[in-house]
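S.K.: What follows is a predicted structure for the sequence shown.
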There are 2 protein chains.
Amino acid sequence: MAKTTIRDVARLAGVSPSTVSRSLRGIGGLSAGTVSRIKEAAEHLGYSVSPAAYRLATGRTGTVAVVMPYITRWFFAELLGGLEKAVREGGLDLLLYHVGDTAMRQQYFSSGLLRKRVDGVVLVTLALTEPEVAALRALDVPVCMVGAAVEGFSSIRIDDVESARSAVQHLVNLGHTDIAIISGDPHEPMHFTVPLHRRAGYHEALASAGLMARPELEAHGPFTVEGGYSATVKLLGRRKLPTAIFAECDEMAFGALRALERVGLRVPEDVSVVGFDDHPMSSYFGLTTMAQDVADQGRLIGERLVEAVMAPAEPRPVQLNAPTHLVVRHTTAAVGRRPERRSGPAGGRTRPSPSKLPPGGDEQPAGPPELTGARQRRKETIP
Amino acid sequence: MAKTTIRDVARLAGVSPSTVSRSLRGIGGLSAGTVSRIKEAAEHLGYSVSPAAYRLATGRTGTVAVVMPYITRWFFAELLGGLEKAVREGGLDLLLYHVGDTAMRQQYFSSGLLRKRVDGVVLVTLALTEPEVAALRALDVPVCMVGAAVEGFSSIRIDDVESARSAVQHLVNLGHTDIAIISGDPHEPMHFTVPLHRRAGYHEALASAGLMARPELEAHGPFTVEGGYSATVKLLGRRKLPTAIFAECDEMAFGALRALERVGLRVPEDVSVVGFDDHPMSSYFGLTTMAQDVADQGRLIGERLVEAVMAPAEPRPVQLNAPTHLVVRHTTAAVGRRPERRSGPAGGRTRPSPSKLPPGGDEQPAGPPELTGARQRRKETIP
DNA sequence: GTCCACTACGCAAGCGCTTGCGTGAACCGA
DNA sequence: TCGGTTCACGCAAGCGCTTGCGTAGTGGAC
């Protein structure tokens, strides 16, 4: 059972291997009777074509690679989920490559680790060097990118600059003038562009509001809770305190909230915070944030790649633009005053006694945090 | 460049393809001069063996599959990260399979989707049926499991029962007698065993403390923040309120904290909460939890699989036991009284004025939450 | 100088599948 | 009834690599 070949099927069906191949491959010119006899025999023997032989004969691997700099971080895991689904539904296998550092990038791109191994590849948030792009082109397979774009490759991305600008504009609209940013380190070795773009959007918003960009309002750290925490601590140690903080991603915003809480600053009364991504925990924190649908981006680019891999002639690359929209929750308020209405103790400020527990009845109709806590929610969608 | 074959190399080096193959493969019996000439030629041409041909000729795929029911959830993403690293370092490729529902399981196991496609597979937290086990054995490749164990397969897992028991025992030790559990749905279709085991540990702890298991202290939900939130809401809607809650995973615990906060119950003054996993955000919440090192489990089982795949004769399967340990933070306290000493506003109770900001100096030595907020931390390690 | 045991390498047969080309049989109209 | 199509399928040549076996060439022992 483990090693039935096409010949076994052919023999059982009383035909030649080539006929079996054609039948299984759905190539015409076969009589209906033969086809069904073959299908039956194949089924009976539990036959499945040997991928290795198929690959060698056709040159097609039926496999695509996804290479990403992180796996465990929310954005990447989420994207991978959407991608896997699309690729699987397209009938392709998904090879996972993690590029931890620049040395590994060398391996993956320059040396042909991917060569002859995949029919397509998707790169996630990788800012490629010229040699890397050249190596990728030499692969001669469709390449898709998310969070970046290169001439000749399909891509999907949000408009980081405009989205960040819009997030910061929200703070401006609330009257804030001392708006800080906690951003990714602009000098990390992988040269991610996301931090750069979001920072640019921050500066754009400031400029268009006639505000000066002041270095003491900027702090860096990795895109993690701890990164946001320590960046905020840096911010708080400086002379001038901001009344609002723009975090380049939600994880950093969580860290910021934590740091603010620890020094006794209230959010949003003392400091407004806006994040970026709409991480699932954001609704939990009531975090105002610029939302994007990451799983959907994975799905879309996955479908695009499947299409390109399957198509006889490679279709023109497309540059997709994923939408973002501001989700206003409870971490932002007009400068200097309390938010208009708060739904319950969302900020942990008021503490009703336990007697305010929901009245009896086993199935209290209290939905998830997002639903019940979204009184003053609002959306603004960007292209 | 994209299609240099072994023959090109052979020609350049002035030898036969078989000699090139032996040389590249490191098989002895070749003169040093020939070897270096071949290496040089190969390098010059940028040659790399065709995986497809290699596979067809040897029957080895150089690839392993990891199949998991979730990708985006923390545990799985984390595990995948450790796994990928180990597998990559072992020189193997990693194929990612997501089994969403039981129908897909059918596909993956019964139909030989994996057959002839991989040299090994690792299953994550999948409770296999007999036919599935049989299908897996029929693959005739090493199989590794995490979070489960099957005779003949290597595995790594924590002791869920004992760890859960120990977590609940912590609550018992604090004097709690009304201890609730929010657990995974025992009747979900995938038959995950983790919720079952952790629930069993909960019951063991109760029993050994002479406490009755009361159904009104149990609520179910998926292993997510929202699952924990809604399960807790159910709990709070019942007649008798618990003084402590054991959440089967940290995400659920986060949801529980949120639900408690929303009804004005203080943690840990009114209700203690203990989670399971030590999710990175747990230190952020000050959550007391039963910690496990998931990435390390991925690494270990990955190395194990590599070993088994590479070995000429398959080594005996091993059952690894990963340790867990209780991390006591700020969400648990003795029943009916305030915690002894709290480090700052960790629970969000006291609100010092902004004047209590860290004194000047740009680099306040305030580490990540874990470090500065761990005054009353303690560890207990389980085998 | 002969014989033998190595050494270092080439030959060729696969691995299991695809596919261009070729061919016998069935089928058509005349 | 017959030549020409069309249909349905078989042949065999690869795809690029590995490997068991065979064999020139080399060196040493006699």
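M.R.: Happy to help now that I have it. None of these values were measured; they are calculated from a predicted model. Numbering: from 1, shown residues only, chains lettered A, B, ... in the order given.
S.K.: Now do the same contact list for the nearest residue to residue A:160 once chain neighbours are set aside.
M.R.: Nearest non-adjacent residue to residue A:160, counting by C-beta to C-beta, 6 or more residues apart in numbering or on different chains: residue A:197, 3.5 Å away. No exception for glycine: its C-beta is placed from N, CA and C like everyone else's. Residues near residue A:197 by C-beta atoms under 8 Å, 6 or more residues apart in numbering or on different chains: A:160-161, A:164.
S.K.: Likewise for residue A:104?
M.R.: Residues in contact with residue A:104 (C-beta under 8 Å, 6+ apart) are residue A:98.
S.K.: and what of residue A:191?
M.R.: By C-beta under 8 Å, 6+ apart, residue A:191 lies in contact with residue A:127.
S.K.: Need phi/psi at it.
M.R.: Dihedral angles of residue A:191 (phi, psi; degrees, to the nearest 10) stand at phi 60, psi 40.
S.K.: Repeat that for residue A:183.
M.R.: Main-chain dihedrals, residue A:183, degrees, to the nearest 10: phi -130, psi 170.
S.K.: Just grab the bridge partners of residue A:321 for me.
M.R.: Bridge pairing for residue A:321 (DSSP bridges) gives the partners residue A:157.
S.K.: Relative to chain B, how far out is it?
M.R.: 23 Å (C-beta to the nearest C-beta, to the nearest Å).
S.K.: what does residue A:318 give?
M.R.: Distance, residue A:318 to chain B, by C-beta to the nearest C-beta: 25 Å.
S.K.: what sits against residue A:276?
M.R.: When contacts are counted by C-beta under 8 Å, 6+ apart, residue A:276 touches A:163-164, A:167, A:198, A:246-250, A:253, A:289-290.
S.K.: at 6 Å what do you get?
M.R.: A:248-249, A:289-290 (C-beta atoms under 6 Å, 6 or more residues apart in numbering or on different chains).
S.K.: before we move on, back to that, buried residues in the helix or strand containing the residue nearest to residue A:160?
M.R.: Using DSSP states H and E, residue A:197 maps to helix A:194-208. Neighbour-count burial for helix A:194-208, counted by 16 or more other C-beta atoms under 10 Å in any protein chain shown, picks out A:194-206.
S.K.: average pLDDT across the next helix or strand after it?
M.R.: Note on helix A:194-208: by DSSP H and E, the next helix or strand toward the C-terminus is strand A:218-220. Averaging pLDDT along strand A:218-220 gives 96.
S.K.: and strand A:218-220, is it in reach of chain B?
M.R.: No. Interface with chain B: strand A:218-220 contributes nothing (C-beta under 6 Å from any C-beta of the partner chain), its closest point being 9.3 Å away.
S.K.: centre of the chain versus that strand, how much separation?
M.R.: Here the centre of strand A:218-220 is set off from its chain's centre by 23 Å, with C-alpha atoms, centre = their mean, to the nearest Å.
S.K.: Give the pairing partners of it; include direction for each.
M.R.: Its sheet considered, strand A:218-220 pairs with strand A:179-183 (parallel) by DSSP bridges.
S.K.: wait, doesn't residue A:68 sit right on residue A:77?
M.R.: No. Using C-beta atoms under 6 Å, residue A:68 makes no contact with residue A:77, being 9.5 Å away.
S.K.: All the strands of the stretch 201-350 of chain A, residue numbers only.
M.R.: With DSSP state E, counting those that start in this stretch, the ranges of strands along the stretch 201-350 of chain A come out as A:218-220, A:244-247, A:272-277, A:288-292, A:319-322, A:324-327.
S.K.: For the fourth one, which helices and strands make contact with it?
M.R.: So that's strand A:288-292. Packing partners of strand A:288-292 (3 or more C-beta pairs under 6 Å, 6 or more residues apart in numbering or on different chains; DSSP states H and E): strand A:272-277, strand A:324-327.
S.K.: which two in the contacts of residue A:276 are spaced the farthest apart?
M.R.: A:248 and A:289 (11.0 Å; C-beta to C-beta).
S.K.: and those two? which has more neighbours close in?
M.R.: With neighbours defined as other C-beta atoms under 10 Å in any protein chain shown, residue A:248 and residue A:289 compare such that residue A:248 has more, 32 against 28.
S.K.: Could I get the buried residue list for the helix or strand hosting residue A:43?
M.R.: Using DSSP H and E, residue A:43 sits in helix A:32-45. Of all the residues in helix A:32-45, those buried under the rule 16+ other C-beta under 10 Å are A:34-35, A:37-38, A:41-42, A:45.
S.K.: Point me to the residue of the stretch 201-350 of chain A nearest DNA strand C.
M.R.: Distances between the stretch 201-350 of chain A and DNA strand C by C-beta to the nearest atom of the strand are smallest at residue A:312, namely 11.0 Å.
S.K.: Retrieve the pLDDT associated with that residue.
M.R.: 73.
S.K.: Can you tell me, leaving aside adjacent residues, what's nearest to residue A:93?
M.R.: Using C-beta to C-beta, 6+ apart and skipping the chain neighbours, the partner closest in space to residue A:93 is residue A:63 (4.3 Å).
S.K.: Could you check how far the one you found is from DNA strand D?
M.R.: Using C-beta to the nearest atom of the strand, to the nearest Å, residue A:63 is found at 16 Å from DNA strand D.
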